[in-house]
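Trainee: the sequence and its predicted three-dimensional model are supplied below.
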Amino acid sequence: NSRGTASLLKDTISFTEFSAAGLFEGHDLLRRGFTSVKSELLPSHPLELTEKNFQLNQDKTNFATLRNIQGIHAPLKLQMEFRAVKQVQRLPFLHSSNMSLDILRGNDECIGFEDILNDPSQSEVMGEPHIMMEHKLGLL
């Protein structure tokens, strides 16, 4: 059975044996970038992954409920509105709060963590406008 032996060979021979440096090859920064220890860590709490995906899970539940109650048109219309609202933003060097997206989701009347202690991604340090626009347009 030639297919079976080929899959056995593919499973047993690692790719590093065929590289020039072999097993002693270092991390290639130009091809793979910097290593991130944060991405290799496991979640510190079982609920961390659930919290990261909370909004996505809530949207899926709301869409399923809308589909069961009103039919397929209601979640499709709401998804189109979400996409249209996400496309409208400020210039890249200014933070966009996406207030209209919060209104569509019903989060405009909720007080959350980011309202009190602020989100770390919303730092008050503004970047260089020209460089950020060139990066967004793909000129850099």
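Mentor: All right, it came through fine.
Trainee: only C-alpha atoms for contact and neighbour calcs from this point on.
Mentor: Fine.
Trainee: can you tell me the closest non-neighbouring residue to Ser100?
Mentor: Leaving aside its sequence neighbours, Ser100 sits nearest to Val85 (Cα to Cα, 6 or more residues apart in numbering; 6.6 Å).
Trainee: go ahead and confirm the one you found touches Leu101.
Mentor: Yes - shown here, Val85 and Leu101 form a contact pair, counting by Cα atoms under 8 Å, at 6.1 Å.
Trainee: show me what contacts Pro46?
Mentor: Applying Cα atoms under 8 Å, 6 or more residues apart in numbering to Pro46 gives no contacts.
Trainee: Met132: neighbour count?
Mentor: When neighbours are defined as other Cα atoms under 10 Å, Met132 has 17 of them.
Trainee: mind checking the SS state of it?
Mentor: At Met132 the chain is in helix, as set by DSSP: H, G, I helix; E, B strand; the rest coil.
Trainee: how close does it get to Leu91?
Mentor: Using Cα to Cα, to the nearest Å, Met132 is found at 9 Å from Leu91.
Trainee: can you tell me the SS state at the residue nearest to Ser100?
Mentor: Per three-state DSSP, the secondary structure class of Val85 is helix.
Trainee: ok, it - contacts?
Mentor: Neighbouring residues of Val85 by Cα under 8 Å, 6+ apart: Asn98, Ser100, Leu101.
Trainee: okay, and which of those residues map to helices?
Mentor: Judged by DSSP state H, these include Ser100, Leu101 as members of helices.
Trainee: what is the nearest of the contacts of Val85 to Gln58?
Mentor: Set against Gln58, the nearest of the contacts of Val85 by Cα to Cα is Leu101 (14.2 Å).
Trainee: which residue ranges of the chain form helices?
Mentor: 2-12, 29-32, 37-40, 48-52, 54-70, 73-87, 99-105, 113-116, 129-137.
Trainee: weakest of those helices by average pLDDT?
Mentor: Ranked by mean pLDDT, these bottom out at helix 2-12, with a mean of 47.
Trainee: the closest residue to Glu128 other than its chain neighbours: what's it in contact with?
Mentor: Of all residues not flanking Glu128 in the chain, Phe93 sits nearest, at 7.1 Å (Cα to Cα, 6+ apart). By Cα under 8 Å, 6+ apart, the contact list for Phe93 reads Met126, Gly127, Glu128, Pro129, Met132, Met133.
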